[in-house]
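[1] sharing a sequence plus its predicted fold:
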Amino acid sequence: MPYPLPARYFDMQSRDPLITASPFEVYRVVSRPFYENTYILAQAGFSECLIVDPGFEPETVIEVVDEQKLNPTAIVLTHGHSDHIAGVSSLKQRWPAVPVLIGHGDTEKLTDPVLNLSAGYGIDVKSPPADTLLREGEDLRVGEFCATVAEIPGHSVGHIVFWFTSDPILVLAGDVLFHEGVGRTDFHDGDFSALAAGILNKLYRLPDSAIVLPGHGEPTTIGHEKKHNPFVRL
């Protein structure tokens, strides 16, 4: 892992922590077959956690939460593609009262296998409907967590990105920005121009030190992507 990570960032496949100064403890579960990153965020000293983009391995997510004695306060979805929502039903069975949050533009994908792209793979992924719809200009507030929400369409029309004003800033980027890559824009509601504009006008205005936790692949920083991302570079 070449970049500094939050206070305790655990890859649950290796259990290797990397220590820095941020107040967050972050756990990652990589879900096959798409190698999608599910994140569990907790703040040091608190038992509350957020579960972000639960993929096809919800049992491992539940195991991590139980091992760390955490209490989920919300399931937050950056967008509605099947690899990012496949575990929601299992998590809701385990914690029925935990709300589901998603950007308002992607809510229909939760219950439609065609829109969430699972039908194209011969499977039928459906999620319980959202409890809260997120919009730009309305902070994500749940429990002890407060994050800034930005709408960045292009990979998915209702895609949101959110970040915490920690030190350094921690960005949950979903499938917008990767390490030297960006999300696909060849889906039915894709738009590369919109994706690039969102990255340039919203993410690249964050400090270079901001840590990006992407929906696939390894973490990166805003400063690295501004210099080295071949798709959107300043």
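    Received, thanks.

[2] for the residue nearest to the spatial centre of the chain, give the beta-bridge partners.
    Residue closest to the average C-alpha location in the chain (C-alpha atoms, centre = their mean): G174, at 4.2 Å. Beta bridges link G174 to P214, judged by DSSP bridges.

[3] what about it, distance to D186?
    G174 sits 17 Å away from D186, taking C-beta to C-beta, to the nearest Å as the criterion. Every C-beta, even on glycine, is put in place using the N, C-alpha and C of the backbone.

[4] same deal with G103?
    When G103 is compared with D186 (using C-beta to C-beta), they lie 20 Å apart.

[5] and for L115?
    Taking C-beta to C-beta, one finds L115 at 15 Å from D186.

[6] among the two, which residue is more densely surrounded?
    Each of L115 and D186 has its neighbours counted (other C-beta atoms under 10 Å); L115 has more, 20 against 7.

[7] and the closest residue in space to the more buried one that isn't next to it in sequence, how far from G190?
    Once flanking residues are discounted, L115 sits nearest to K109: 4.5 Å by C-beta to C-beta, 6 or more residues apart in numbering. Plainly put, K109 is 13 Å away from G190 if you go by C-beta to C-beta.

[8] tell me, what's touching the two both at once?
    Listed as contacting both K109 and G190 by C-beta atoms under 8 Å, 6 or more residues apart in numbering are S156.

[9] ok, the two, which is more surrounded?
    Of the pair K109 and G190, K109 is the one with more neighbours under other C-beta under 10 Å, namely 29 against 16.

[10] wait, a helix at the more buried one?
    Yes. Assessed by DSSP: H, G, I helix; E, B strand; the rest coil, K109 belongs to a helix.

[11] my read: it touches S118, true?
    No. The criterion here is C-beta atoms under 8 Å, and K109 misses it with S118 at 9.6 Å.

[12] what sits in contact with each of those two?
    Here K109 and S118 share no contacting residue, scored by C-beta under 8 Å, 6+ apart.

[13] what residues sit buried inside stretch 40-52?
    By 16 or more other C-beta atoms under 10 Å, the buried positions in stretch 40-52 come out as I40, L41, A42, Q43, E48, C49, L50, I51, V52.

[14] let me know the closest of the residues you listed to G198.
    Checking the buried residues of stretch 40-52 against G198 by C-beta to C-beta gives V52 as the nearest, at 18.6 Å.

[15] so the closest residue in space to the closest one that isn't next to it in sequence bridges to which residues?
    Closest residue to V52 apart from its sequence neighbours, by C-beta to C-beta, 6+ apart: Y39 at 4.3 Å. Beta-bridge pairing for Y39 (DSSP bridges): R28, V52.

[16] quick one, what contacts Y39?
    Per C-beta under 8 Å, 6+ apart, neighbours of Y39: V26, Y27, R28, L50, I51, V52, D53, L172, L213.
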